[in-house]
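Peer 1: Sequence plus predicted model, see below.
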Amino acid sequence: QVQLVESGGGLVEAGGSLRLSCVGSGRTFSIHVMGWFRQAPGKEREFVAAINWNGDSRDLADSVKGRFTISRDSAKNTIYLQMNSLKPEDTAVYYCAARPTQNVMTSRRAAAYADWGQGTQVTVSS
């Protein structure tokens, strides 16, 4: 099990940028597949991005490709979501999540992730 804490959310105008961070606890953090999901009011949680343990496999939802980037710094037990060219439809609570250590592939399914952070609010004004 790993504890996750997100930060970096806030209010930004359309076209602006934010960088979300997710710090994980535990000695196994560096080998977990990690993901970012988001949930807007009244909508289901949706996949945003995922990265494998060493960063050589990354996946992004079509809605954010070309605008968002996922990365990780294992020395800091941290993953990042760089969000550029933000749109009002990106408004949501953003969550980071960790897959169990035995799962080495990225996944777009929320049910594939075992541990979740508390979320950070991102609001994009038009």
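Peer 2: Sure, I can see it. Fair warning: this is a prediction, and the values are worked out from it, not measured in the lab. Numbers count the residues shown, from 1 in each chain.

Peer 1: Partner strands of the helix or strand harbouring Val48 and their direction?
Peer 2: Using DSSP states H and E, Val48 falls within strand 46-51. Strand 46-51 has its sheet partners listed here by DSSP bridges as strand 34-39 (antiparallel), strand 58-60 (antiparallel).

Peer 1: contact partners of the last one?
Peer 2: Applying C-beta atoms under 8 Å, 6 or more residues apart in numbering, the external contacts of strand 58-60 come out as Val48, Ala49, Ala50, Ile51, Asn52, Phe68, Ile70, Thr106, Arg108. Placement of C-beta: from N, CA and C, glycine included.

Peer 1: out of the residues you listed, which are buried?
Peer 2: Listed as buried from those are Val48, Ala49, Ala50, Ile51, Asn52, Phe68, Ile70, Thr106; burial here means 16 or more other C-beta atoms under 10 Å.

Peer 1: wouldn't the third one be in contact with Thr106 here?
Peer 2: Meaning Ala50. Yes - using C-beta atoms under 8 Å, Ala50 is in contact with Thr106, at 3.8 Å.

Peer 1: Need the residues touching each of those two.
Peer 2: Val33, Gly35, Arg58, Asp59.

Peer 1: so how far is Ala98 from the last one?
Peer 2: By that I understand Asp59. Asp59 is 15 Å from Ala98, where distance means C-beta to C-beta, to the nearest Å.

Peer 1: so what pLDDT did the residue nearest the centre of the chain get?
Peer 2: Nearest to the mean C-alpha position of the chain, counting by C-alpha atoms, centre = their mean, stands Trp36 at 2.2 Å. pLDDT, Trp36: 98.
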